[in-house]
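Novice: Quick one: sequence and predicted model below, then my questions.
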Amino acid sequence: MLNTLNSAIKGDKNLDAVTGILDRASLLQKLDEVIKDKNNASQYIFGIANIEQFKLINHSHGHKAGDYALNVVAKTLSLELDKNTIIGRIGNDEFGFICKDKRIAQIQSSCESLNFSLSHAPVTWDGKKIRLHIKFGLVKIDDETQDCDQILRHANEAIYSAKYDGCPTVCEYDGNATAILRRSGNMEEAIKLQRWIARDQFLLYVQPIVYLNNPKKASHFELLLRGKTDDGKIISPGKLIDAAEDFNLTPMLDKWVIRNLFTWIKQSDNSLSSQYKFSFNISALSINDNDLSHFIIELAKKEKVNPRKINIEITERVAISNMKRCYDFMTELKKAGFTFSLDDFGSGYSSFKYIQVLPFDVIKIDGSFIRDIDKNKQNQIIAKAVTDIAKAYGRKTVAEYIENEKIAAITSEIGIDYGQGYYFSKPFPITKLSDA
Ligand code: C2E
Ligand code: MG
Ligand code: MG
């Protein structure tokens, strides 16, 4: 059937004015025909390709650049997906495609290769380089399929999973996929963020992580990012990091932190890093960035930073989102001497599987179990259980959010090794360390 449809396309007037491929109505008409043709023995898969940050491209480079980007994506899609696939533009930043007799794995690999080429070889517009990141949602068309609306809904749910459930490039709708209905309403924040990155409007703060049996002594310092507003206010990263995640900017932000930390260590003549370790946080997107481990290892060599003095924090949420990738990332950096903490353990899935499988050196028990541990017996039991299991696996533990003396005493008593929290010190600018 697709062959007939493809030949019909040639004379089709319903083409998208910008890209010259089918427009939404025409593609959906083809989809409708495929769904209704119950006698057809072929297997069909419908996919949506969504350009990330497309609005940002229009805003930052103008609509002509946006149109150009759309054309590049349309062409690359046509090249990657073979002639048995019908492609159309179904939204501002969205393309749909119907693949005939292809396995999901084949389509997935074409999608990944397409995203790889567009994100690694930026398109050039007016002398400026624009990186394009594409997310894909795939859904099988089968006997259960009711109509176009259902297919579009499922493909969109898969796209949302690709965006927010751990950020793989391609997600297949699996019937259980729960759409995370978080819209990227953070565009203004994202534009601001890009401006701040360009102007270096960030500061590195640190917070000590102390030995609970000797709280005057810091074991290491966690790096915490702060933004500086145009009127000089210092702000916490929460909202910025949400916006950065929505627009794929976290790897840039994480690299900013790593670069500035290593430069600071070098400038402080490594005297502080010979006494202490420094921990930095990395985001989900950074874990999926195949170049990041290489970037960290090479930069440490260049700046003569001893990897044994650097610890990397990965949150439980990020670890679960892509365990295989996380494992590879950690293994490579551990070989070079870096250590790892599992951050916010208990905040979500609390599976001991991460402790078993992933080579974390330290488990940071989430602040939600600690902040009221002096009043909440259940949280005390949980924190003790996590500590015992971590010990059994030879891992150290940190209690986050220690806000008073009583909490410090309890966490020490249950055998937690290190503590972090306002009781010991609030985060402060890293520059104060060299002044001390
Ligand atoms: P996190 O890695 O779990 O960092 C600890 C957070 O707890 C910090 O918030 C810290 O200020 C706060 N905190 C520490 N002790 C206490 C306490 O006693 N009470 C209370 N209420 N809070 C305490 P902050 O700096 O706002 O950072 C929030 C999160 O943002 C961090 O959680 C981390 O996930 C993320 N983040 C911060 N800096 C970076 C960064 O450079 N890169 C990335 N990817 N994420 C970062
Ligand atoms: Mg952390
Ligand atoms: Mg934490």
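Specialist: Thanks, I have the structure now. Computed from a predicted structure; not experimentally measured. Ligands and ions are numbered 1, 2, ... in the order given.
Novice: My guess is residue 336 contacts residue 299. True?
Specialist: No: applying C-beta atoms under 8 Å as the test, residue 336 and residue 299 come out as separate, 11.3 Å apart. Where C-beta positions appear, they are placed from N, C-alpha and C, glycine not excepted.
Novice: pLDDT (mean, whole number) over stretch 406-418?
Specialist: Computed over stretch 406-418, the mean pLDDT rounds to 98.
Novice: likewise stretch 255-264?
Specialist: For stretch 255-264, the mean per-residue pLDDT is 93.
Novice: start at 251 instead
Specialist: Happy to do that; since the first residue is 251 now, the last one works out to stretch 505-514.
Novice: Report how many residues lie close to residue 285.
Specialist: Using other C-beta atoms under 10 Å, residue 285 is surrounded by 20 other residues.
Novice: Pull the contacting residues for it.
Specialist: By C-beta atoms under 8 Å, 6 or more residues apart in numbering, the contact list for residue 285 reads 391, 395-398, 401.
Novice: so can I have TSV of those residues showing secondary structure, distance to ligand 3 and neighbour count?
Specialist: Compiled in TSV, the contacts of residue 285 are given as follows (DSSP: H, G, I helix; E, B strand; the rest coil; distance: C-beta to the ion, whole Å; neighbours: other C-beta atoms under 10 Å):
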residue	secondary structure	distance to ligand 3	neighbour count
391	strand	43	21
395	coil	43	18
396	coil	44	8
397	coil	45	12
398	helix	44	19
401	helix	40	25
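Novice: Residue numbers of the stretch 351-500 of the chain in contact with ligand 1?
Specialist: 457, 473-475, 486-488, 491, 500 (C-beta under 6 Å from any ligand atom).
Novice: cutoff 5 Å now
Specialist: Proximity of the stretch 351-500 of the chain to ligand 1 is confined to 474-475, 486-487 under the rule C-beta under 5 Å from any ligand atom.
Novice: Torsion angles phi and psi at residue 474?
Specialist: Torsion angles at residue 474 (phi, psi; degrees, to the nearest 10) stand at phi -130, psi 130.
Novice: Which residues are in contact with it?
Specialist: By C-beta under 8 Å, 6+ apart, the contact list for residue 474 reads 454-457, 487, 531, 677.
Novice: Same question for residue 615.
Specialist: 595-596, 633, 636-637, 647-650, 666.
Novice: Please tell me how far it sits from ligand 3.
Specialist: Remark: distance between residue 615 and ligand 3 (C-beta to the ion, to the nearest Å) = 9 Å.
Novice: and that residue, what are its bridge partners?
Specialist: Applying DSSP bridges to residue 615 yields these beta-bridge partners: residue 595, residue 649.
Novice: List the buried residues in stretch 292-299.
Specialist: For stretch 292-299, the neighbour count (16 or more other C-beta atoms under 10 Å) marks 294-299 as buried.
Novice: Only alpha carbons, please: show the helix or strand where residue 385 lies as PDB.
Specialist: Assigned by DSSP states H and E, residue 385 falls within strand 384-391. What follows is strand 384-391, C-alpha atoms only, in PDB (Å, rounded to 0.1, in the frame of the first residue of the first chain):
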ATOM      1  CA  ILE A 384      15.800  15.500  18.000                       C
ATOM      2  CA  LYS A 385      13.600  13.300  20.200                       C
ATOM      3  CA  PHE A 386      11.500  10.500  18.700                       C
ATOM      4  CA  GLY A 387       8.400   8.700  19.900                       C
ATOM      5  CA  LEU A 388       7.400   5.400  18.100                       C
ATOM      6  CA  VAL A 389       4.200   3.400  18.200                       C
ATOM      7  CA  LYS A 390       3.200   0.200  16.400                       C
ATOM      8  CA  ILE A 391       0.100   0.200  14.300                       C
END
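Novice: so where do the helices sit in the stretch 551-686 of the chain?
Specialist: 566-571, 573-585, 603-607, 617-620, 627-642, 655-663, 681-685 (DSSP state H, counting those that start in this stretch).
Novice: Repeat that for the stretch 401-550 of the chain.
Specialist: In the stretch 401-550 of the chain, the helices defined using DSSP H, counting those that start in this stretch lie at 437-449, 488-496, 500-517, 521-525, 534-537, 542-552.
Novice: Would you mind getting the angle between the third one and helix 542-552?
Specialist: It refers to helix 500-517. Angle of helix 500-517 versus helix 542-552, following axes from the mean of the first three to the mean of the last three C-alpha atoms, to 10 degrees, is 20 degrees.
Novice: ok, back up a step: mind giving me JSON lines with the contacts of residue 615 and columns for neighbour count and distance to ligand 1?
Specialist: Below are the contacts of residue 615 laid out as JSON lines (neighbours: other C-beta atoms under 10 Å; distance: C-beta to the nearest ligand atom, whole Å):
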{"residue": "595", "neighbour count": "28", "distance to ligand 1": "10"}
{"residue": "596", "neighbour count": "21", "distance to ligand 1": "12"}
{"residue": "633", "neighbour count": "24", "distance to ligand 1": "15"}
{"residue": "636", "neighbour count": "24", "distance to ligand 1": "16"}
{"residue": "637", "neighbour count": "21", "distance to ligand 1": "18"}
{"residue": "647", "neighbour count": "26", "distance to ligand 1": "14"}
{"residue": "648", "neighbour count": "30", "distance to ligand 1": "10"}
{"residue": "649", "neighbour count": "30", "distance to ligand 1": "10"}
{"residue": "650", "neighbour count": "25", "distance to ligand 1": "6"}
{"residue": "666", "neighbour count": "27", "distance to ligand 1": "14"}
